[in-house]
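Q: Here you go, sequence then predicted model.
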Amino acid sequence: MKEKFIIVGAGIAGLTLGNALQDLGIDFEIYEAGKDVRGIGAGFGLASNAMKAFEILGYAKDIIPLGHLLTDFEIQDWKEKTILKADTERLRSNYNTENFAIHRADLHRFLYERLDRTKIKTSKKIRLFEQNYSEIIAHFEDGTRAKGSYLIAADGLYSKIRQQLIPHSTPRYANYICWRAIVHDPSYNSKKSIETWGPKGRFGLTPLINHQIYWYACVNAELDDKEIYNYKLADIKNNFQDYSGIIRSTLQKTKKEDIITAPIMDIKPIGNYAFNRVLLIGDAAHATTPNMGQGACMAVEDVCVLIDELKKDSANVLMCFERYNLRRLKRTHYIIDTSRLAGRVAQLSWEPAMSIRNFMFSKLPTSLVQSPLNDLLEEDFMQTPPY
């Protein structure tokens, strides 16, 4: 049998990998649980490391027009006093690429339309898989199955494949809920992303192309707090009524049907991403909270590293999986742990603690405050460690 990759999941990770395998002439099929392939969500950041990965893969020039260039990032308190301005020049200098914000649906569409559509099967929700010395068999809930040489788990936070391999690796709650939406505002013209920290939660504003604003709001809540989880648009407006005018006006322009509500989850770092003929990538491997803006970025890095290994030794895919594993574990574990900690700091709601935090952040050197992000973006993710 000719070697074939079975990719489960048509999110950012799965579609990016499908494109890269297609470019290399390697056979693959993508199996998506949904009825169609589309980006579910709002906006997100493609930081300079993700753009460098897309550049290496050869897609950056086509993706750049889909994104909105971000030149500044600022954290404010709810009274619009600056807590921190990021040194964005330093953040993008290592990869010599810019930072962008993009609508998830636009990136999905680009990646999907570039693929051979016959390679994508929808309404295929995986139930379990089998592997032996020569092949993989994926079983789907509709009773069908697929055979291949290798199985790539790109099925996200709630990955069935990961949980078959590591049953205890279930999503863990970060203790806050997030609302997201995109609004159209022709009057808003900015290249700056702003996040506001206050006693009623966090509120972020990021510009997108075509006069759009992506906003998100995070509020502390127990996972079983039905009152907060059932908030309507009017409740969200009321919660942030003491925040800045741009926040209030953005909420005023929001349509209730556009709001996405979700608990913020991640997975505790796991010790392995390669399991013989099975490989975990993206959120299936290392789902993280969004506080460092690196969820999608890590998925694109994953693909870039895996393709790099396959280019070096496509005749020995299992060894490529092991080398990918060695190259990705430390970096992705750092993101999960650091992002979770950053969320705890940003979600402080007791005003005395908030005052101390804000004072310290405003007085400390920017390089020190943003050192976790510097450590991430100043490391070359393509560097090959000694094996």
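A: Right, received. Where do you want to start?
Q: out of everything not next to it in sequence, what's closest to Asp116?
A: The spatial neighbour of Asp116 that comes closest, neighbours along the chain excluded (CB to CB, 6 or more residues apart in numbering), is Gln22 at 6.4 Å. C-beta coordinates here come from the backbone N, C-alpha and C atoms, glycine included.
Q: Leu111 too?
A: Taking CB to CB, 6+ apart, and ignoring the residues beside it in sequence, Leu111 has Leu15 as its nearest neighbour in space, at 3.8 Å.
Q: buried stuff in the helix or strand harbouring the one you found?
A: Assignment of secondary structure by DSSP states H and E places Leu15 within helix 12-24. Buried residues in helix 12-24, counting neighbours by 16 or more other CB atoms under 10 Å, are found at Ile12, Ala13, Gly14, Leu15, Thr16, Leu17, Gly18, Asn19, Ala20, Leu21.
Q: can you redo the residues you listed as JSON lines with distance to Thr82 and pLDDT?
A: Output for the buried residues of helix 12-24, formatted as JSON lines (distance: CB to CB, whole Å; pLDDT from 0 to 100):
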{"residue": "Ile12", "distance to Thr82": "32", "pLDDT": "97"}
{"residue": "Ala13", "distance to Thr82": "36", "pLDDT": "98"}
{"residue": "Gly14", "distance to Thr82": "40", "pLDDT": "98"}
{"residue": "Leu15", "distance to Thr82": "38", "pLDDT": "98"}
{"residue": "Thr16", "distance to Thr82": "36", "pLDDT": "98"}
{"residue": "Leu17", "distance to Thr82": "40", "pLDDT": "98"}
{"residue": "Gly18", "distance to Thr82": "43", "pLDDT": "98"}
{"residue": "Asn19", "distance to Thr82": "40", "pLDDT": "98"}
{"residue": "Ala20", "distance to Thr82": "41", "pLDDT": "98"}
{"residue": "Leu21", "distance to Thr82": "46", "pLDDT": "98"}
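Q: now, among those residues, which is nearest to Phe359?
A: Ile12 (38.0 Å; CB to CB).
Q: neighbours of Arg145, just the number please.
A: By the criterion of other CB atoms under 10 Å, Arg145 has 15 neighbours.
Q: What is the nearest of the buried residues of helix 12-24 to Asp308?
A: Asp308 lies nearest to Ala20 out of the buried residues of helix 12-24, by CB to CB, at 10.0 Å.
Q: How much space separates that closest one from Asp380?
A: Note on Ala20: its distance to Asp380, by CB to CB, to the nearest Å, is 19 Å.
Q: try Ile137
A: For Ile137 relative to Asp380 (CB to CB), the value is 38 Å.
Q: of these two, who's got more company?
A: Ile137 (15 against 11).
Q: Can you classify the more buried one by secondary structure?
A: strand (DSSP: H, G, I helix; E, B strand; the rest coil).
Q: pLDDT weak spots in the stretch 51-200 of the chain?
A: 87-94 (pLDDT under 70).
Q: Strands along that one, start to end?
A: 67-70, 72-77, 82-85, 99-103, 120-121, 126-131, 136-140, 145-148, 150-153, 172-184, 192-198 (DSSP state E, counting those that start in this stretch).
Q: in its sheet, what does the second one sit against?
A: The reference is to strand 72-77. strand 82-85 (antiparallel), strand 192-198 (parallel) (DSSP bridges).
Q: Show me which positions of that strand end up buried.
A: Phe73, Ile75, Gln76, Asp77.
Q: And the last one, how far from Leu348?
A: Per CB to CB, Asp77 is found 11 Å from Leu348.
Q: for Ala234, same thing?
A: Using CB to CB, we find Ala234 at a distance of 26 Å from Leu348.
Q: Compare those two (neighbour count), which wins?
A: Remark: of Ala234 and Leu348, Leu348 carries more neighbours, 19 against 10, as counted by other CB under 10 Å.
Q: got a pLDDT number for the spatially most central residue of the chain?
A: Per CA atoms, centre = their mean, the C-alpha nearest to the average position across the chain is that of Gly295, at 2.3 Å. The confidence metric pLDDT takes the value 94 at Gly295.
Q: Any figure for the gap between it and Arg344?
A: Applying CB to CB to Gly295 and Arg344 gives a distance of 18 Å.
Q: and Asp27, how many residues sit next to it?
A: Asp27: 14 surrounding residues under other CB under 10 Å.
Q: Same check on Lys119?
A: When counting by other CB under 10 Å, one arrives at 14 neighbours for Lys119.
Q: do Tyr133 as well
A: Neighbour tally, Tyr133, other CB under 10 Å: 6.
Q: Can I get stretch 56-65 as PDB, trimmed to CA atoms?
A: Output of stretch 56-65 as PDB, limited to C-alpha atoms (Å, rounded to 0.1, in the frame of the first residue of the first chain):
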ATOM      1  CA  ILE A  56       8.800  28.900   5.500                       C
ATOM      2  CA  LEU A  57       5.800  26.900   4.200                       C
ATOM      3  CA  GLY A  58       5.300  29.400   1.400                       C
ATOM      4  CA  TYR A  59       1.900  30.800   2.300                       C
ATOM      5  CA  ALA A  60       2.800  34.100   4.000                       C
ATOM      6  CA  LYS A  61       2.400  36.400   0.900                       C
ATOM      7  CA  ASP A  62      -1.200  35.100   0.400                       C
ATOM      8  CA  ILE A  63      -2.100  35.300   4.100                       C
ATOM      9  CA  ILE A  64      -0.800  38.900   4.700                       C
ATOM     10  CA  PRO A  65      -3.600  40.600   2.800                       C
END
